[in-house]
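J.: Return a 3D structure for these sequence lines:
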Amino acid sequence: MKNRLFLIFLIIFLLAGCGTLQPQQKEKTQIVATIFPLYDFAREIAGEDAEVKMLLKPGAEVHSYEPTPQDIIAIQNCDVFLYIGGESDEWVRNVLESIDTPDMQVVALMDCVDVVEETENGFAWNGEHDHGDDDHAHEEMEYDEHIWTSPRNAVKMVKAITGALQVADHSHATGYAERAERYTGQLTALDEALTETVNNAERKLVIFADRFPFLYLVRDYGLNYYAAYPGCSSEAEPSAATVAAIIEEVKETGVPAVFYIELSNRLMANTIAEATGAEELLLHSCQNVSREEFRQGEGYLSLMERNVKNLQRALN
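T.: You can find the predicted model right below:
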């Protein structure tokens with residue numbers, strides 16, 4: 001993190017010295033979003049009235065992202081800047097403090113929803129930690145950043161993005177509002193489909209043989225879960241004891257499928273599926289998309305609609 005912040009400040013200093021951070025003439029309202037779900041929400045609302053840029057490249061790992069000089073220039077010159085606002089966005093705060101943003105609408109989307117503390121994830125079982133210890137009692141509280149995985153949060157995020165766009169671009173305020181209303185209706189239909197899926201399911205248990213960015217999804221729709229990883233970090237691999245315990249759980253509960261997430265190597269899911277006969281299903285977190293998904297125009301709605309179908313398979 002220190003190296004990343006040093007790089008950011010060095011880039012800002014060099015670019016400012018060369019005069020490249022001066023605002024450039026632009027025809028349309030410019031929106032910059034750090035990651036895919038924010039980019040996708042913004043483009044649904046913007047239509048043809050604004051241009052949207054995503055900083056994270058399709059197929060890239062979000063947790064290892066570092067801004068390029070071009071990214072910082074894009075932030076400096078945009079009218080609306082969207083970011084999540086969690087611990088992983090420390091670089092964003094440092095960039096914003098170092099550039100002139102008096103006319104920019106800056107939206108931290110975690111400020112728009114009810115966030116959940118990471119240390120209170122309520123894992124039904126995580127295979128690695130004794131919940132009785134108090135090692136983290138004195139650590140600063142962190143919050144789960146994957147707020148968009150619940151469509152109910154997505155509705156709130158769309159509202160916040162729409163408000164920022166209307167302030168930045170009064171002339172197209174009506175168009176933004178109309179597109180946001182139409183998109184919110186689609187998100188509401190998605191919410192209803194998820195609710196119906198869980199309410200009518202034979203079981204309420206899902207098992208993740210991968211990282212776990214779905215805390216808001218399971219919370220809002222009343223699902224129980226076991227997860228191989230206590231979060232979304234890719235730094236640690238599950239132990240052999242974790243693998244064995246997940247396999248035993250699948251056998252005992254008769255769960256027909258285990259989930260993996262997008263851009264995963266699926267090693268854990270492969271191992272569990274081979275040992276239990278369970279099906280491997282994708283549950284897409286929408287945090288980022290592959291290059292092929294991006295090229296095909298996949299969006300939050302299309303990906304989440306596939307999630308509903310896979311949840312139906314896993315819960316019945």
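J.: Let me see the ranges of the helices in the stretch 101-250 of the chain.
T.: 151-168, 173-199, 215-221, 240-253 (DSSP state H, counting those that start in this stretch).
J.: any chance of the ones you listed in a markdown table, with distance to V92 and mean neighbour count too?
T.: Every residue, glycine included, has its C-beta placed from N, CA and C. As requested, those are exported to a markdown table (distance: least, C-beta to C-beta, whole Å; neighbours: other C-beta atoms under 10 Å):
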| stretch | distance to V92 | mean neighbour count |
| --- | --- | --- |
| helix 151-168 | 15 | 21 |
| helix 173-199 | 24 | 16 |
| helix 215-221 | 21 | 21 |
| helix 240-253 | 33 | 16 |
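J.: So for M304, which of those helices sits nearest?
T.: Between M304 and these, the tightest spacing by C-beta to C-beta is seen for helix 173-199, at 5.6 Å.
J.: Show me what that closest one packs onto, helices and strands only.
T.: Where contact means 3 or more C-beta pairs under 8 Å, 6 or more residues apart in numbering; DSSP states H and E, helix 173-199 is packed against helix 36-46, helix 151-168, helix 215-221, helix 300-315.
J.: and these as JSON lines, adding mean pLDDT?
T.: Below are the helices and strands packed on helix 173-199 laid out as JSON lines (pLDDT from 0 to 100):
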{"stretch": "helix 36-46", "mean pLDDT": "98"}
{"stretch": "helix 151-168", "mean pLDDT": "98"}
{"stretch": "helix 215-221", "mean pLDDT": "96"}
{"stretch": "helix 300-315", "mean pLDDT": "98"}
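J.: Out of those, the one nearest E292 is which?
T.: Across those, the minimum distance to E292, taken as C-beta to C-beta, is reached by helix 300-315, at 12.9 Å.
J.: Measure how that closest one sits relative to helix 36-46, angle-wise.
T.: With axes from the mean of the first three to the mean of the last three C-alpha atoms, to 10 degrees applied, the angle from helix 300-315 to helix 36-46 works out at 130 degrees.
J.: quick revisit: same list, the helices of the stretch 101-250 of the chain, but as JSON lines with distance to E90 please.
T.: JSON lines is the format used below for those (distance: least, C-beta to C-beta, whole Å):
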{"stretch": "helix 151-168", "distance to E90": "21"}
{"stretch": "helix 173-199", "distance to E90": "29"}
{"stretch": "helix 215-221", "distance to E90": "21"}
{"stretch": "helix 240-253", "distance to E90": "30"}
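J.: Nearest approach to L56 belongs to which of these?
T.: L56 lies closest to helix 151-168 among the helices of the stretch 101-250 of the chain, at 16.7 Å (C-beta to C-beta).
J.: Residues contacting the closest one, please?
T.: Outside helix 151-168, the residues that touch it by C-beta atoms under 8 Å, 6 or more residues apart in numbering are 29, 31, 37-38, 41-42, 44-46, 50, 79-80, 82, 105, 107, 109, 112-113, 147-148, 172-173, 176-177, 180, 183-184, 187-188, 190-191, 194, 216, 220, 300, 304.
J.: Go again with 7 Å.
T.: 29, 41-42, 45-46, 50, 79-80, 82, 105, 107, 109, 112-113, 147-148, 173, 176-177, 180, 183-184, 187-188, 190-191, 194, 216, 220, 300, 304 (C-beta atoms under 7 Å, 6 or more residues apart in numbering).
J.: Where does the prediction get shaky in the stretch 101-250 of the chain?
T.: For the stretch 101-250 of the chain, the stretches flagged by pLDDT under 70 are 119-140, 233-236.
J.: separation between A177 and L165?
T.: For A177, the distance to L165 equals 9 Å [C-beta to C-beta, to the nearest Å].
J.: circling back: Throw the helices and strands packed on helix 173-199 into TSV and include distance to D100, thanks.
T.: Below are those laid out as TSV (distance: least, C-beta to C-beta, whole Å):
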stretch	distance to D100
helix 36-46	22
helix 151-168	16
helix 215-221	34
helix 300-315	32
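J.: Of these, which is nearest R203?
T.: helix 300-315 (5.5 Å).
J.: I would like the residues contacting the closest one, please.
T.: 37, 40-41, 151, 154, 186, 190, 193-194, 197, 201-203, 206, 256-257, 259, 281-284, 286.
J.: could you dump that helix to PDB, C-alpha only?
T.: In PDB, the C-alpha atoms belonging to helix 300-315 read as follows (Å, rounded to 0.1, in the frame of the first residue of the first chain):
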ATOM      1  CA  TYR A 300     -25.300  -6.400 -14.200                       C
ATOM      2  CA  LEU A 301     -28.800  -7.500 -15.000                       C
ATOM      3  CA  SER A 302     -27.900 -10.300 -17.500                       C
ATOM      4  CA  LEU A 303     -25.300 -11.700 -15.100                       C
ATOM      5  CA  MET A 304     -27.600 -11.500 -12.100                       C
ATOM      6  CA  GLU A 305     -30.400 -13.200 -14.000                       C
ATOM      7  CA  ARG A 306     -28.100 -16.100 -14.700                       C
ATOM      8  CA  ASN A 307     -27.300 -16.100 -10.900                       C
ATOM      9  CA  VAL A 308     -31.000 -16.500 -10.200                       C
ATOM     10  CA  LYS A 309     -31.200 -19.600 -12.500                       C
ATOM     11  CA  ASN A 310     -28.100 -21.200 -10.900                       C
ATOM     12  CA  LEU A 311     -29.500 -20.500  -7.400                       C
ATOM     13  CA  GLN A 312     -32.700 -22.300  -8.400                       C
ATOM     14  CA  ARG A 313     -30.600 -25.300  -9.400                       C
ATOM     15  CA  ALA A 314     -28.500 -25.300  -6.200                       C
ATOM     16  CA  LEU A 315     -31.400 -24.800  -3.800                       C
END
